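**Q** next input, structure requested:
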Amino acid sequence: MKVLITGRQGQVSRELQLSLPNAELLVLGQEQLNLADSDAIRRQVRALRPDLIINAAAHTAVDQAESEPEAAFAINSVAPGVLAEEAATLAVPLIHYSTDYVFDGSKDGLYSEDDATGPLGVYGRSKLAGEDAIRAVGGQHLILRTSWIYSLHGKNFLLTMQRLLQEREELRVVGDQVGAPTWAGSIAQATAELVQHWQNGQAGAWGTYHLTGLGETSWFGFASAIAEQLRLQGKPCARLEPIPSSAYPTPAQRPLNSRLDCSRLQREWNIRLPNWHDALLECLSNPR
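**A** Okay, the predicted model is just below:
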């Protein structure tokens with residue numbers, strides 16, 4: 001099976017390359033594929049003729065997107081639609097990753113796939129537009145909304161906290177945004193299981209699903225869990241203090257509630273991610 005993966009150095013792409021050992025992987029990074037160029041996307045897909053497309057690339061700089069909306073929409077909105085069109089032409093599935101940022105965070109409980117969206121910034125709006133573009137094409141597709149992705153590679157909260165906690169005596173972290181940290185390795189493993197179910201003729205319904213670590217915490221709680229592991233290793237660690245979002249202004253507003261209900265994916269595809277804290281420990285104990 002030939003699997004086309006967009007993105008080479010991204011957190012999810014790197015883990016996917018380790019989680020799909022039995023497939024012929026066609027991994028296209030920025031050097032091989034400019035996702036802002038629709039014609040280039042069409043040429044590549046038509047030349048490679050994959051059996052499955054996984055769109056693991058995105059414009060993920062949330063604050064930067066506020067000052068460059070055209071770039072964010074080209075990569076996060078237009079490109080997914082083009083990939084969906086080409087996948088439909090080839091009659092192959094498309095797996096695409098989206099985000100909790102399609103919601104405004106004002107709901108009290110968990111967000112389901114059917115809840116009204118309302119992104120607060122350019123990044124969320126561009127990702128939602130990408131979802132809509134894929135759904136408009138139809139065909140076999142999975143849109144997987146996830147949240148707070150981290151790994152031992154690239155730029156992410158885990159690596160930033162590990163560095164700052166060892167550099168400073170005190171660290172202030174936002175405590176009123178709640179969600180589920182999700183290890184990129186968990187996302188890749190779940191994706192591999194989805195692919196296996198499809199290949200075995202055990203596919204659930206195609207469509208939009210939520211895929212995050214189980215449980216919930218705040219960014220402060222996530223930082224505290226990271227600090228605990230550093231202390232267990234005997235490393236220096238800063239004192240942590242929770243602060244409200246208002247004390248840490250950013251160009252893009254973040255949703256206060258990013259909790260996603262992932263029960264539909266378990267019902268339809270029998271996929272369930274581990275608890276976010278358990279996944280953190282697995283990530284830290286399995287550097288790769």
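**Q** host element of the closest residue in space to Trp269 that isn't next to it in sequence?
**A** Nearest in space to Trp269, with sequence neighbours left out and distances taken as CB to CB, 6 or more residues apart in numbering, is Gly204 at 4.1 Å. Every residue, glycine included, has its C-beta placed from N, CA and C. Using DSSP states H and E, Gly204 maps to neither a helix nor a strand.
**Q** tell me which residues touch Gly204, please.
**A** Contacts for Gly204 were tallied using CB atoms under 8 Å, 6 or more residues apart in numbering; they are His197, Arg267, Glu268, Trp269, Asn270.
**Q** tell me the buried residues in stretch 105-119?
**A** Gly105, Lys107, Leu110, Tyr111, Glu113, Pro119 (16 or more other CB atoms under 10 Å).
**Q** shaky segments in the stretch 101-250 of the chain?
**A** Along the stretch 101-250 of the chain, no part satisfies pLDDT under 70.
**Q** can you show me the strands along it?
**A** Under the criterion DSSP state E, counting those that start in this stretch, the stretch 101-250 of the chain carries strands at the ranges 141-146, 149-150, 170-174, 178-179, 182-183, 207-210, 217-218, 239-243.
**Q** packing partners of the second one?
**A** Yep, that's strand 149-150 we're talking about. Packed against strand 149-150, as judged by 3 or more CB pairs under 8 Å, 6 or more residues apart in numbering; DSSP states H and E, are the following elements: helix 11-19, helix 157-167, strand 182-183, helix 184-199.
**Q** quickly compare the ones you listed and say which is most buried.
**A** Comparing those on average neighbours per residue, with mean count of other CB atoms under 10 Å, the densest one is strand 182-183 at a mean of 26.
**Q** can you give the strand pairings for it, parallel or anti for each?
**A** Using DSSP bridges, the neighbouring strands of strand 182-183 in the sheet come out as strand 149-150 (parallel).
**Q** give me the contact list for the strand it pairs with.
**A** Outside strand 149-150, the residues that touch it by CB under 8 Å, 6+ apart are Gln11, Val12, Asn156, Phe157, Leu158, Leu159, Pro181, Thr182, Trp183, Ala184, Ile187, Cys283.
**Q** does Phe73 really touch Ala129, like I thought?
**A** Yes - counting by CB atoms under 8 Å, Phe73 touches Ala129, with 6.5 Å between them.
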